[in-house]
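*Asks:* Next input, structure requested:
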Amino acid sequence: VMQCLKEYWADNEGLQHTGTFSWEFYPARAGGHADVEKGETPGGAWVRPAYGRQSFRVDVLWFDVKTALPYHFFTPLWNKFIEKGLYFRPHWAKYYPGGNVAFPGKEYKMWRDYYAAQYPKWNAWRELREKMDPQNIFVSTYWADTFDIQQKTHVVEHKGGDVENAKTAIEMGNTLKTDDG
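*Replies:* Residues are numbered from 1 along each chain as shown. Prediction:
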């Protein structure tokens, strides 16, 4: 990782690749809670970056929300990691390539396909999520795109008159069926 970053920064024009940001580099234990030396099995959340393996974390603390877009700063970095075969697991609360964005390599079509391959319990997590939230109450379009969750639409019958309820039903992502079909 450090060699890749050294090469990435070597052709840096001004602050294009480093920004004026704080960069943190540190190792993370597998699962975060296991003592591997004592034979404990790594645990933790199934879609956590350190689940089941020890990790090396690269955290860029992004503060520039007015003059630049994170996409323009991070996309070349993610692409460089993939080009060098450094397959990473993103931190879901940080900036990362969206699941419905084309993957830069040939191995996967979309980033979400790549993510599915990086997390050994991806499908088990998706199944559990579906069981716990079958109506997708806690799923936004953003998360649906990232985790390839099929959004459910509901048909709400509307029999004249109550325009506000009809608007609310549509805003909530429902399909509205009216008296005239």
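
*Asks:* so how far is Tyr142 from Thr75?
*Replies:* According to CB to CB, to the nearest Å, Thr75 and Tyr142 sit 17 Å apart. The way it works is simple: take the backbone N, C-alpha and C, and place the C-beta from them, glycine included.

*Asks:* Among these two, which residue is more densely surrounded?
*Replies:* Just comparing Thr75 and Tyr142: by other CB atoms under 10 Å the higher neighbour count belongs to Thr75, 15 against 11.

*Asks:* residues contacting the more buried one?
*Replies:* Going by CB atoms under 8 Å, 6 or more residues apart in numbering, Thr75 touches Pro97.

*Asks:* What pLDDT does the model give it?
*Replies:* Note on Thr75: pLDDT of 89.

*Asks:* And the one 3 residues further on, by the same measure?
*Replies:* The model reports Trp78 with a pLDDT of 91.

*Asks:* what's the nearest residue to it if we skip its chain neighbours?
*Replies:* Of all residues not flanking Trp78 in the chain, Pro97 sits nearest, at 5.5 Å (CB to CB, 6 or more residues apart in numbering).

*Asks:* Does that neighbour touch Trp111 like I think?
*Replies:* Yes: using CB atoms under 8 Å, Pro97 is in contact with Trp111, at 4.3 Å.

*Asks:* Name the residues contacting each of those two.
*Replies:* Taking CB under 8 Å, 6+ apart as the contact rule, the neighbours common to Pro97 and Trp111 are Phe103.

*Asks:* Which parts of this structure are helices?
*Replies:* 2-10, 70-83, 111-118, 122-132, 141-147, 163-171 (DSSP state H).

*Asks:* which outside residues touch the third one?
*Replies:* Applying CB under 8 Å, 6+ apart, the set of residues contacting helix 111-118 from outside is 87-90, 97-103, 107-108, 122-123, 145-148.

*Asks:* 10 Å - rerun?
*Replies:* Residues external to helix 111-118 that are found in contact with it (CB atoms under 10 Å, 6 or more residues apart in numbering): 47, 49, 51, 53, 78, 82, 87-90, 92, 96-105, 107-108, 110, 122-123, 126, 145-149.
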